[in-house]
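Below: sequence and its predicted model.
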Amino acid sequence: MKRTLPLLFACALFPLPAWSALEVGQFTLGMPKPQTMAILQQQFSEVEQVTGYHYQVPTEFVQGRNPKGDFNLGGIPITQVKATFNETDQLRQVELRLASTDEAQVQQLLPMARQAKPVPNSGGRLEAFSADGELVYWVSRDRGWTVVTIADLASSAQNIKARAKSDERFAQPNRKFDKLIETAEAAQGKH
């Protein structure tokens, strides 16, 4: 009993999610690269090192595509995984593409997603933050998938800046288009 009371007190002050590392499916941030690679090679027929873009920033990542079998998250098929590692070869960020547009189902599988807030001018992206990092997701109804990304604290700081720049780049053409519409409507109103 003497040990239980301090433990209960500690749990009340520091909820368990604040202690634990972020994870999604079989991937936990901070896991060693060989462990991550083993999962990818076991689950996907194509695993390759790729230079791509993450929020319009060139990024090196390992990509797994074409699942070998039934690789899923709570019954939702995982069709692609992109993993990024830090300088000590630990998983710092992972992105899963889920074959579903059911946002409620995704939120049920990822409790932190329930805390996610929509980001204005982002095309429907939602973000949630914790002491360990971030969870970001967006549902693409036209493509039929949901992309879920978790990132550690250091990556999150970089991602926040990159997303802000990316959102601004996409907002500029929309503002120009809105001005064009306003001009056309004003011209129509004069006739």
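Looks like it arrived, so ask away. Numbering: from 1, shown residues only.

can you tell me which residues contact the closest residue to Ser122 other than its chain neighbours?
By the measure of CB to CB, 6 or more residues apart in numbering, the closest residue to Ser122 outside its immediate chain neighbours is Asp167, 5.2 Å from it. The way it works is simple: take the backbone N, C-alpha and C, and place the C-beta from them, glycine included. For Asp167, the set of contacting residues under the criterion of CB atoms under 8 Å, 6 or more residues apart in numbering consists of Val119, Asn121, Ser122.

List only those of those flagged as buried.
By the neighbour-count criterion of 16 or more other CB atoms under 10 Å, the contacts of Asp167 include these buried positions: Val119, Ser122.

Columns distance to Lys68 on top of the contacts of Asp167, output as JSON lines?
Compiled in JSON lines, the contacts of Asp167 are given as follows (distance: CB to CB, whole Å):
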{"residue": "Val119", "distance to Lys68": "35"}
{"residue": "Asn121", "distance to Lys68": "39"}
{"residue": "Ser122", "distance to Lys68": "34"}
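
Check pLDDT for the contacts of Asp167 and point me to the minimum.
Scanning these for pLDDT, the low point is Asn121. It has 79.

hang on, the residue nearest to Ser122 in a strand?
No: when classified by DSSP: H, G, I helix; E, B strand; the rest coil, Asp167 is found to be helix rather than part of a strand.

Check it and give its pLDDT.
Looking at Asp167 specifically, the model assigns a pLDDT of 79.
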